[in-house]
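**Q** can't give you the sequence, but here's the structure:
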C-alpha cells in the first residue's frame, strides 16, 4: 500500500493545480483535455473555457431562472459557482439556486447547500470514472444530495436530454423539448429557449 | 484531409478481433483495445467480461429462463449476435425472443429482433462514440428501430439500472428495486446477488 502511494504522489504533484476543476470526495478532478495541456505544454486557458453551445445554454437557462423565480425567496448564481461542502469536496456548479436568508455573502466559496443545481455537460476528464459519464453524474449528484441540495438537473447537449435527479428517487432522462419543472413557477424547456433566440445547433 | 488519411491508417492497424460490435457501420472496439494495439497486451486480456459482469449475466439469464412463459419466450446469452443490417451487427448480453418469431435456427446471427434486451455494463471503449450516454442512446435507438420493445442497461459500478422504451424518458433506478422485465418476471438484482451470497 505504501509503495503505491509513494509512486502515485509524484504524478499527482506534476499536474498544475490550475487544471483542477473541482475536488469530489477528496479526489481532484481535472478539466477535460488536461493531459494534452501537460503533454504539449499548452496554456491551461486553451481548455478551461466552455464550448459556445455550453456557454449559451448556461446563459439562457440562468437568464430564464432569474426572470421566472420568486424574487423574495430565491437567488440563482452562475459562472461555475464554487460550493465548499467540507475539507474533501469543493464542487463547481454551472447554475446554483440558493434560498435567500440561508447564506452570507463573503469573498469565499458558498458553504451552504443551494436548493437546486443545474449542470450543463461534463467538463472534467473522466479517467477517474473509467470514462463513464454515469459514474460521475451519480457520485457528484449524491454528494450534492448529502450536502442538502434538493434537486439536480444535468443538461446533456449532445443527447439533447436532461437528467432530473431527486434524492432517493429514480432519475429521469428526458428529451430537452419537454417541459421540466425547476421550481414553483419556473418550467424549463431548453429546446424552446434555444428556438426563441433563433440559435441553430 | 490529413486527419482523415491518418484515421484510415489507424483504423487498419486495429485487428478485427478487437471489434466488439458494429453500430451504423462504425466498428466499436473493446474497452482497453488501445493497450492491445500499443503492443502491451494480448487481445484475450481485454475481450473477457469482469467477474462481476459475468456473474450478473449468469444470474439474470438463469432467473429469466426460470421465470419466463416457456411456451412464448426463449432467452439467449453469451454476447448473442444480432444482425440488424449490412454493417450493423450488435451484441446482446441477454436477449429474450418470442418463440413464434424465431423460425428455424440457421447457426448464424439472429436476424429477427428480440423482444427484450438486457445489457450488463459497457464493454466498448466509449471514446469511439463520444461517451457511455451517447453509446446507450445510439445502441438502444438502433435496437428499437430493429423492433426491440425494451432495453435494460445494468451499470454495476453505480448499482443502477436504466430502463429504456422507444420514445420514452429513460428511468434510472437503484438495482435494489423490483423491475418488471415482462409478465410474471420481476427482477431484483441486489436480491439475486444477496441470495447467492456474492460480495461485491
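**A** Perfect, I can see it now. These numbers were taken from a predicted model, which means no experiment stands behind them.
**Q** tell me the helices in chain A, going along the chain?
**A** Taking DSSP state H as the test, the helices found in chain A are A:2-13, A:34-40, A:45-48, A:52-67, A:133-147, A:190-196.
**Q** for chain B, same thing?
**A** Using DSSP H, helices in chain B cover B:2-13, B:33-37, B:44-47, B:51-67, B:99-102, B:132-146, B:189-195.
**Q** Residue B:80 pairs with what?
**A** Following DSSP bridges, residue B:80 is listed with bridge partners residue B:92.
**Q** now the lengthiest strand in chain A, how far from the centre of its chain.
**A** In terms of residue count, the longest strand belonging to chain A (DSSP state E) is strand A:74-86. Put simply, strand A:74-86 sits 10 Å off its chain's centre (Cα atoms, centre = their mean, to the nearest Å).
**Q** Could you list the contact residues of chain B toward chain A?
**A** Within chain B, the positions near chain A by Cβ under 8 Å from any Cβ of the partner chain are B:31, B:122, B:125-127, B:130-134, B:137, B:155, B:157-158, B:160, B:162, B:169-174, B:177. (C-beta placed from N, C-alpha, C; glycine too.)
**Q** Let's see which of these end up in strands.
**A** B:155, B:160, B:162, B:170, B:171, B:172, B:173, B:174.
**Q** Just the pLDDT for the residue lying closest to residue B:127 once chain neighbours are set aside.
**A** Excluding the flanking residues, the one nearest residue B:127 by Cβ to Cβ, 6 or more residues apart in numbering or on different chains is residue A:131, at 6.6 Å. On the pLDDT scale, residue A:131 is placed at 91.
**Q** before we move on, back to that, hey, which of the helices of chain B is tucked in deepest?
**A** helix B:132-146 (a mean of 20; mean count of other Cβ atoms under 10 Å in any protein chain shown).
**Q** Mean confidence (pLDDT) on that helix, please.
**A** Helix B:132-146 comes out at a mean pLDDT of 96.
**Q** do stretch A:100-115 as well
**A** Average pLDDT, stretch A:100-115: 89.
**Q** Stretch B:75-85 too?
**A** Across stretch B:75-85, the average pLDDT comes to 89.
**Q** Tell me the buried residues in that stretch?
**A** Within stretch B:75-85, the residues scored as buried using 16 or more other Cβ atoms under 10 Å in any protein chain shown are B:75, B:76, B:77, B:79, B:80, B:81, B:82, B:84.
**Q** which residues touch that stretch?
**A** B:57, B:61, B:64-65, B:68, B:89-97, B:108-111, B:113-114, B:142-143, B:146 (Cβ atoms under 8 Å, 6 or more residues apart in numbering or on different chains).
**Q** Low-confidence ranges, chain A, go.
**A** A:1-13 (pLDDT under 70).
**Q** Show me what from it comes close to chain B.
**A** For chain A, the contact set with chain B under Cβ under 8 Å from any Cβ comprises A:122, A:130-135, A:138-139, A:156, A:158-159, A:161, A:163, A:170-175, A:178.
**Q** Just the buried ones among those residues, please.
**A** Buried residues within the residues of chain A next to chain B, counting neighbours by 16+ other Cβ under 10 Å: A:122, A:131-135, A:138-139, A:156, A:159, A:161, A:163, A:170-175, A:178.
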